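> sequence and computational prediction follow.
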Amino acid sequence: MNAAVLEGELQHFFATEVLQLLGLARATGRLELARGEERADLYVEDGRPVFARTTGVSVRLGDVLVHRGDIRPEAVEFALAMQKDQPGERLGEMLVKSGALSPEQVKIAVIEVQRRILYGVLLWQEGRFRFLPGERVEAEDIQLDLELDRLILEGLRIADQARSR
C-alpha cells in the first residue's frame with residue numbers, strides 16, 4: 001500500500017477543491033474520505049473520477065432500478081434474499097443472469113448510484129481526506145466517465161434543489 005501524499009481536514013479544503021487539484025495533476029489513485037463513522041473511497045484515473053463507494057447511507061442499486069421502473073420491488077427483495085446464500089455475488093449480476101434486467105439497465109443504475117455517492121461526498125464540510133497515489137479500483141466492470149467540472153456543477157445544483165425544498 002502506498003503512503004498518502006496529500007491529506008488534510010475538509011473544513012480547510014473541500015472535497016471539490018481536492019478533486020480539482022487531482023484533476024489538474026492528472027493523478028491516479030484513491031481519495032479516502034472519513035466523517036465520523038462514515039467512509040468513502042473515490043478512485044481517480046488520470047484526474048477523472050472513475051469509481052465511488054461509501055459505508056454511509058446512500059442510494060442502493062435496487063432502489064434506483066425500482067425508481068426507474070426497470071423492476072418491481074418484490075423482484076429486488078427476492079434477489080437480495082437469494083444473495084445472502086451466494087456471498088460475493090452482485091445484485092446486478094444476479095438480476096441479469098435471471099433475465100429480469102439487461103446488462104445496460106444495470107450499468108445505467110450502477111452509474112447513477114456512484115454519481116449520487118459522489119454528489120453526497122462533495123457536500124461534506126467536515127472530516128478528513130487523504131490521497132493514496134497509484135491505487136486502482138479492482139474487479140469493477142462498470143466505471144464512471146465524468147468530466148470533473150460537470151460533476152461538481154451537477155452536485156451543487158442538486159444541493160441547491162435540496163435546500164430550496
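On my side now, so go ahead.
> where does the protein have low pLDDT?
The chain contains residues with pLDDT under 70 at 1, 58, 139-143, 145-146, 148, 155, 158-160, 162-163, 165.
> go through it and flag its longest helix.
Longest helix in the chain by number of residues (criterion: DSSP state H): helix 103-122.
> counting contacts, what elements does the following helix or strand past that one pack onto?
Counting by DSSP states H and E, the next helix or strand C-terminal to helix 103-122 is strand 128-133. Counting contacts by 3 or more C-beta pairs under 8 Å, 6 or more residues apart in numbering; DSSP states H and E, strand 128-133 is packed against strand 6-9, helix 15-24, strand 29-35. Where C-beta positions appear, they are placed from N, C-alpha and C, glycine not excepted.
> mind checking which of the ones you listed is nearest Gly47?
Ranking the helices and strands packed on strand 128-133 by their distance to Gly47 (criterion: C-beta to C-beta) puts helix 15-24 first, at 4.0 Å.
> just want the angle from that closest one to helix 103-122.
For helix 15-24 against helix 103-122, the angle by axes from the mean of the first three to the mean of the last three C-alpha atoms, to 10 degrees is 120 degrees.
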